[in-house]
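K.L.:
how would this look folded up:
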Amino acid sequence: MASKIYLIRHGQSTFNALYEIDGVDPMHFDARLSPLGHRQVAETRQAASELRVDLIVASPLTRAIQTALGLFDGSPTPIIVSDLLRERLHCSCDVGRPPPDLKAEFPRLSFDHLDHAWWLHDKDNRPGIVVEPEDLLARRLGAFSTWIAGRPEASIAVVGHGEFFRRLAGRYLANCEIAEWQLAPQQ
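P.N.:
Here you go, the predicted structure:
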């Protein structure tokens with residue numbers, strides 16, 4: 001079990017930048033990092049390199065992948081993409097892209113283990129925004145905690161999202177904030 005787990009929220013996304021102006025969903029599906037988000041990643045890169053992690057786990061949403069690669073690019077540390085830590089779906093930015101699209105943009109990462117529509121979707125698999133129910137999110141948080149507890153690495157960086165981390169760790173992280181997380185003992 002990891003003795004050190006670091007939660008890192010992604011840099012500001014294009015969705016975040018526009019939503020902060022008027023609180024209206026700008027319909028940026030799978031939002032990318034904004035120019036400020038790219039600067040936040042660059043400014044955090046040194047601190048991330050000092051973590052000396054054995055594994056990096058990233059959400060399959062583009063802004064988290066861009067953050068993980070921006071923080072750890074050039075490092076030999078393996079990166080695993082896990083849909084368990086995707087953001088709670090409630091806005092356009094939380095709707096993902098199919099694995100082949102992600103693979104085309106991020107060829108060094110593996111997406112083969114993801115379902116075609118790995119984000120929450122309606123029963124007919126139509127595109128759109130389906131708000132993730134609390135019980136499904138709670139189960140996913142539990143599954144992620146169990147999965148990370150079973151990892152053999154001593155030190156892990158987890159690159160994900162604000163609401164997911166708030167529910168997991170009990171506080172909301174700022175963009176590119178690094179916070180050490182103590183995993184609750186498994187019973």
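
K.L.:
Leu141 - how many residues pack around it?
P.N.:
Neighbour count of Leu141, defined by other CB atoms under 10 Å: 16. Any C-beta I mention is one placed from the backbone N, CA and C, and that applies to glycine too.

K.L.:
Now it: which helix or strand?
P.N.:
Per DSSP states H and E: Leu141 is located in helix 134-149.

K.L.:
Likewise for Ile156?
P.N.:
With DSSP H and E as the criterion, Ile156 is inside strand 155-160.

K.L.:
Run a quick neighbour tally on Gly150.
P.N.:
Around Gly150 there are 10 residues (other CB under 10 Å).

K.L.:
Go through the strand holding Ile156 and flag the buried ones.
P.N.:
Ile156, Ala157, Val158, Val159, Gly160 (16 or more other CB atoms under 10 Å).

K.L.:
ok now it, how far from the chain's centre?
P.N.:
9 Å (CA atoms, centre = their mean, to the nearest Å).

K.L.:
From the contact counts, what lies against that strand?
P.N.:
For strand 155-160, the helices and strands in contact under the criterion 3 or more CB pairs under 8 Å, 6 or more residues apart in numbering; DSSP states H and E are strand 4-9, strand 55-58, helix 62-72.

K.L.:
mind checking which of these is nearest Leu141?
P.N.:
strand 4-9 (12.7 Å; CB to CB).

K.L.:
Strand 155-160 and the closest one, what's the angle between them?
P.N.:
20 degrees (axes from the mean of the first three to the mean of the last three CA atoms, to 10 degrees).

K.L.:
Which residues outside the worst-scoring helix or strand of the chain on mean pLDDT are in contact with it?
P.N.:
Using mean pLDDT, DSSP states H and E, helix 14-22 stands out as the lowest-scoring helix or strand of the chain, at a mean of 92. With contacts defined as CB atoms under 8 Å, 6 or more residues apart in numbering, helix 14-22 is touched by 24-26, 28, 31-34, 36-37, 91-93, 175.

K.L.:
Keeping just the C-alphas, turn that helix into PDB.
P.N.:
What follows is helix 14-22, C-alpha atoms only, in PDB (Å, rounded to 0.1, in the frame of the first residue of the first chain):
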ATOM      1  CA  THR A  14     -11.500  26.500 -20.900                       C
ATOM      2  CA  PHE A  15     -14.800  25.500 -19.200                       C
ATOM      3  CA  ASN A  16     -13.600  26.800 -15.800                       C
ATOM      4  CA  ALA A  17     -12.400  30.100 -17.400                       C
ATOM      5  CA  LEU A  18     -15.800  30.800 -19.000                       C
ATOM      6  CA  TYR A  19     -18.000  29.400 -16.200                       C
ATOM      7  CA  GLU A  20     -16.300  31.700 -13.700                       C
ATOM      8  CA  ILE A  21     -17.500  34.800 -15.700                       C
ATOM      9  CA  ASP A  22     -21.300  34.100 -15.600                       C
END
